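**Student:** My questions concern the predicted model and sequence given below.
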Amino acid sequence: MGSKSNKTLNKKGGFGDVTVIGLALFAMFFGAGNLIFPPDIGVRDGSLWWLGFIFYFIADAGFALLAVIAMNRMGGNMDRVTGTAGRVPGTIINIAVILCIGPGLAIPRNGATTLEMGIAPAFGLDAASPLVRAVFSVIFFGIVLLLVIRPSAVVDIVGRFLTPILVITLLILIVVGIFSPRAATQPSVSETIIKDGIYNGYQTIDLMAGLFFAIIVIENAFDRGYYSEGDRTRIVLRAGAVSCVLLGIVYGGLSFLGSTTGMIWRDQYLSGEINQAGLFTNISSELLGSAGSVILALIVTFACLTTAIGLTSAAGSYFSELFHGKISYSAVVILVCVVSAILCNAGLSQIISFTFPILMLCYPIVVLTVIMSFLTDRVKNRNAYYLASLVTFFLSACSVLCDNLGVSSFSWVHRIPLDQFGFYWVIPAAAAFLIGMIIPGKDLALNEGKQIGSER
């Protein structure tokens, strides 16, 4: 009773700290690109939108929070989480993660979303025009590069004020759509509602982003006086709950809008005539009118810009540190911006299409390493971790080869239990882990490098 850590928690762990950290975590996870997936769930799942939403929420916010908690256990050291797969595989996973949340997907997707959901509707431009895309990508990523190389208070102001405005605008949109829907919901057209919800959750990349965002959250907890793992865990869990509640409200509301007002464009959407950005823009225009959608478009534009700046900076810092400063931070961010600008020209639909197989290959192994990081105190045999990782990656590769490259000889992977939920790898990975436990081997050795707060 009355221990120093408990006093610290009682003094600093109240509503204020929980709310501030929770809102910060929400703001980091809630990128403007995430807006495009919930309406898709509503349009496809119709009257069963709630079922798709639940599993989307689990794969998005649930897995992301799990990653934050895992990072907290490991003192904010990402190598100790992904390193459960092995030191070299862990490094490869880290690189794959930063490429997915960086120039390989998330950054160019933010650029494409800005054009198609923000700039083009606001100014009446043709987002499909190669010239418009080329000019926009140069301007957008030129601004990103300028603000990343020469950090400015403008970025903090944009992030601090535009996120609340974005959320308030979305809540207004959701409330209007709930009380005054423009169309009635219809039966679902999807035969794989649960799997689609999970895979849409994967495409937000929030699990991967959570591994990096956790570092910021943990550092913030230390700065507020939460030095012990127990105190830090409690504040992270409570803040995570705040973040998840907010994400659930927004995602659930947008899914409902897709299942009602979005039905006006269901045929056009399913035929590919309009994409995810077009669907969301149409719903906004229908519910709020032209003025409301212009305001929302401008906010989305700045939100995407802020997210792109943060992710570019994270990629620059990671690769510069990975190569021990032999490649400068400035050189990395320049390369990231050039690659992102090129990929941005492909357009939102194409970016999502050609990166989907990459996410399906990477996500299961990242989820597995996060889960296994909770077992390191009890299971020491590294064979368990290595064998489970090998089996999971092999099955993911088989699934991608079958589904995305048409290699029918790997179709057997879809006869594995839980495949209907997208979790075909879970039972084989668990079995491999148990088998590995009984195979004699050395103890798992995780990177003992610097952890957040280790200097205290």
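**Tutor:** Perfect, thanks for sending it.

**Student:** doesn't Leu368 make contact with Gly392?
**Tutor:** Careful, residue 392 is Thr; it's not Gly. Yes. Using CB atoms under 8 Å, Thr392 is in contact with Leu368, at 4.9 Å. The way it works is simple: take the backbone N, C-alpha and C, and place the C-beta from them, glycine included.

**Student:** so how far is Leu170 from Ser396?
**Tutor:** From Ser396 across to Leu170, the span is 34 Å (CB to CB, to the nearest Å).

**Student:** cool, and Ala241?
**Tutor:** Distance of Ala241 to Leu170, given as CB to CB: 20 Å.

**Student:** pLDDT value on Pro89, please?
**Tutor:** As predicted, Pro89 sits at a pLDDT of 92.

**Student:** Nearest spatial neighbour of it, chain-adjacent residues omitted?
**Tutor:** Once flanking residues are discounted, Pro89 sits nearest to Ser389: 6.4 Å by CB to CB, 6 or more residues apart in numbering.

**Student:** And for that neighbour, the neighbour number?
**Tutor:** Look at Ser389: counted by other CB atoms under 10 Å, it has 26 neighbours.

**Student:** try Ile416
**Tutor:** Applying other CB under 10 Å, we find 16 residues neighbouring Ile416.

**Student:** swap in His414?
**Tutor:** 13.

**Student:** Same question for Ile149.
**Tutor:** Using other CB under 10 Å, Ile149 is surrounded by 15 other residues.

**Student:** Just the pLDDT for it.
**Tutor:** Per-residue pLDDT puts Ile149 at 80.

**Student:** And for Arg415?
**Tutor:** Per-residue pLDDT puts Arg415 at 94.

**Student:** From Leu395, how far out is it?
**Tutor:** Per CB to CB, Arg415 is found 12 Å from Leu395.

**Student:** Look up how far Leu390 lies from Phe433.
**Tutor:** Distance, Phe433 to Leu390, using CB to CB: 11 Å.

**Student:** By residue count, which helix of this protein is the longest?
**Tutor:** Taking DSSP state H as the criterion, the chain has its longest helix at helix 276-322.

**Student:** so Leu170 sits right up against Gly252, yeah?
**Tutor:** No. Counting by CB under 8 Å, Leu170 does not reach Gly252; the two are 11.6 Å apart.

**Student:** so where's the stretch 301-450 of the chain shaky on pLDDT?
**Tutor:** 447-450 (pLDDT under 70).

**Student:** What are the boundaries of the helices in it?
**Tutor:** 329-344, 348-372, 382-403, 426-438 (DSSP state H, counting those that start in this stretch).

**Student:** re the thing from before, and Arg415 and Leu395? Which one has more around it.
**Tutor:** More neighbours surround Leu395 than the other of Arg415 and Leu395, with 22 against 8 (other CB under 10 Å).

**Student:** This completes my enquiry, with thanks.
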